[in-house]
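>>> how does the following fold in three dimensions:
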Amino acid sequence: MTTLYIDADACPVKAEAERVATRHKVPMKVVSNGGLRPSQNPLVETVIVPEGPDIADMWIADRAGPGDVVITGDIPLAAKCVEAGARVLKHNGEALTQANIGNVLATRDLMSDLRAADPFRQGGGKGFTKADRSRFLDALERELRAAKR
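Numbering: from 1, shown residues only. Reported below is the predicted structural model:
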């Protein structure tokens, strides 16, 4: 049975994911180390893990597998989930797969090194837009349909 896992810390699409999961009658696990308001939806389970670096990521990585869908912006977590056979989406709807996760992970590491080498480097990623939200909804719909096959 398909389960939707949400890496909930700093996730801008929790409500959208819940709507799509509910439409597909797919259980959803919202994983964080606290600070979230639990959903009243019986399909949604809020999982609170202990404080600590990457504890929520490890919880998801230990459980996600073939037939599951994971929503995360954390590239190392995405790599573990892809390796385990899960389908993975970033918040903007970008699918992370066996075909692209190596490049995405290498780019993340390169950017991390560049930021570390230049402490005056300013700026971060681009802002989250309505187009990103729309792309995410379309992508999640596709991934849940594919995962249920």
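
>>> would you map the strands across this protein?
Along the chain, counting by DSSP state E, strands occupy 4-7, 28-32, 44-48, 69-71, 87-89, 95-96.

>>> need those in a markdown table (columns: mean neighbour count and mean pLDDT).
Bear in mind the C-beta positions are built from the backbone N, C-alpha and C, glycine included. As requested, the strands of the chain are arranged in a markdown table below (neighbours: other CB atoms under 10 Å; pLDDT from 0 to 100):
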| stretch | mean neighbour count | mean pLDDT |
| --- | --- | --- |
| strand 4-7 | 26 | 97 |
| strand 28-32 | 22 | 96 |
| strand 44-48 | 16 | 95 |
| strand 69-71 | 28 | 97 |
| strand 87-89 | 25 | 95 |
| strand 95-96 | 19 | 93 |
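
>>> could you dump these into TSV and include distance to Val20?
Formatted as TSV, these follow (distance: least, CB to CB, whole Å):
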stretch	distance to Val20
strand 4-7	8
strand 28-32	9
strand 44-48	12
strand 69-71	10
strand 87-89	11
strand 95-96	15
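
>>> out of those strands, which is closest to Ile55?
Closest to Ile55 of the strands of the chain, according to CB to CB: strand 28-32, at 9.2 Å.
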